[in-house]
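Colleague: Would you be able to build a 3D model of this:
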Amino acid sequence: MGRAMEYLLRPRHELTVWERHPGPGSPSVALESAAGRQDFILFCLPATPHFELASRLRPHLRRDCLCLSIAKGLDEQGRTAAQALTEALGSASAFGVLYGPMISEEIRDGRPAFAQAGTETAEAYRRVRELFAGTPLYLEHTTDIAGISWSAVLKNVYAVLFGVADEMDLGDNTRGYLAVTAVAELERIVTGLGGLPETPRRLAGLGDLITTATSAGSHHHEVGRRLVRGQTEALTGEGVHTLKTIHARGLFDTRHYPLFDLIGRLLADPVSARAQMQNFLGRLRQ
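Modeller: Numbering: from 1, shown residues only. Predicted coordinates:
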């Protein structure tokens with residue numbers, strides 16, 4: 001996604017790219033001094049290092065600098081990217097998040113992408129909109145930062161179940177059931193975590209769920225397929241980490257959400273994934 005953002009912005013803006021582990025030939029960038037010269041800082045990395053990096057940058061940021069994150073996961077403390085930035089930056093800098101159907105390969109092919117820009121103020125959104133003006137990234141504004149954050153994070157977990165269903169060849173009817181039920185659960189969970197009930201039906205929730213659950217290149221969809229095939233050595237990714245973190249931190253009781261709970265049980269006992277899915281569907285008929 002970092003390369004996708006670079007593809008969108010480099011023709012229109014002067015960019016400075018910092019990488020924690022730069023490849024051969026990549027220029028060395030002094031992070032703190034470079035950050036102090038920027039109008040925007042894009043956090044194109046997982047949620048886990050957000051707090052550390054934002055804390056390092058805070059003393060050096062200009063007052064009008066706007067930080068943006070595209071991370072759709074949780075850090076080790078169970079914080080979303082927005083929560084980590086809030087704690088690390090305080091009032092030092094405004095921030096926002098971008099979530100929605102944004103497959104990086106499609107962006108780099110010049111195809112349209114869509115996102116909700118979560119910012120606290122209309123002025124911050126105006127700046128984000130101007131930043132991406134003229135690109136094929138279509139934006140809509142929301143102030144429900146908590147809602148789009150949790151929608152984007154949790155939909156990765158649900159996407160795994162679509163891969164399970166497709167590997168079992170359960171068909172389009174099952175996919176339709178999973179979509180409706182997943183969004184209904186998302187609404188309840190997101191509301192309980194401080195978001196608005198309508199947010200999971202927008203781009204960061206339903207829009208990105210459809211994309212992640214049906215894309216041939218989706219890592220989370222592939223995790224579901226691997227579960228059924230018994231390829232347990234490669235069960236990694238943001239969705240898997242999110243589910244483990246939610247359990248470890250007790251962020252909410254997954255037993256109240258049958259689909260979400262099912263995914264947890266499949267990952268805990270992947271050998272019986274096929275049987276567990278069949279048993280779940282069988283109970284729906286009772």
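Colleague: Please settle this for me: is Gly118 part of a strand?
Modeller: Yes. The assignment for Gly118 is a strand, going by DSSP: H, G, I helix; E, B strand; the rest coil.
Colleague: Can you tell me the closest non-neighbouring residue to Val271?
Modeller: Leaving aside its sequence neighbours, Val271 sits nearest to Gly230 (C-beta to C-beta, 6 or more residues apart in numbering; 6.7 Å). (Glycine included, C-beta is placed from N, CA and C.)
Colleague: And the residue nearest the centre of the chain, how far from Thr86?
Modeller: What sits nearest the mean C-alpha location of the chain, by C-alpha atoms, centre = their mean, is Lys72, with 2.0 Å. Between Lys72 and Thr86 the computed distance is 17 Å (C-beta to C-beta, to the nearest Å).
Colleague: before we move on, what about His141?
Modeller: Taking C-beta to C-beta, one finds His141 at 19 Å from Thr86.
Colleague: same deal with Gly171?
Modeller: According to C-beta to C-beta, Gly171 and Thr86 sit 43 Å apart.
Colleague: In terms of neighbours, single out the busier of these two.
Modeller: Counted by other C-beta atoms under 10 Å, Gly171 and Thr86 do not tie: Thr86 has more neighbours, with 16 against 10.
Colleague: Any buried residues in the helix or strand harbouring the more buried one, and which?
Modeller: When elements are assigned from DSSP states H and E, Thr86 belongs to helix 81-89. Neighbour-count burial for helix 81-89, counted by 16 or more other C-beta atoms under 10 Å, picks out 81-86, 88-89.
Colleague: re the thing from before, and the residue nearest to the centre of the chain, what is it in contact with?
Modeller: The contact partners of Lys72, taken as C-beta atoms under 8 Å, 6 or more residues apart in numbering, are 47, 81, 99, 152-153, 156, 208, 238.
Colleague: and with 10 Å instead?
Modeller: The contact partners of Lys72, taken as C-beta atoms under 10 Å, 6 or more residues apart in numbering, are 1, 46-47, 80-81, 97-99, 102, 148-149, 151-156, 204, 208, 212, 238-239, 242.
Colleague: same deal with Ala30?
Modeller: Applying C-beta under 10 Å, 6+ apart, we find Ala30 in contact with 18, 36.
Colleague: Next: the one 3 residues further on.
Modeller: Neighbouring residues of Ser33 by C-beta under 10 Å, 6+ apart: His60.
Colleague: That one looks like it's in a helix, true?
Modeller: Yes. According to three-state DSSP, Ser33 belongs to a helix.
Colleague: if we can go back for a sec, and the residue nearest to the centre of the chain, helix, strand or coil?
Modeller: Here Lys72 takes the coil state, with states given by three-state DSSP.
Colleague: Appreciated, that's everything.
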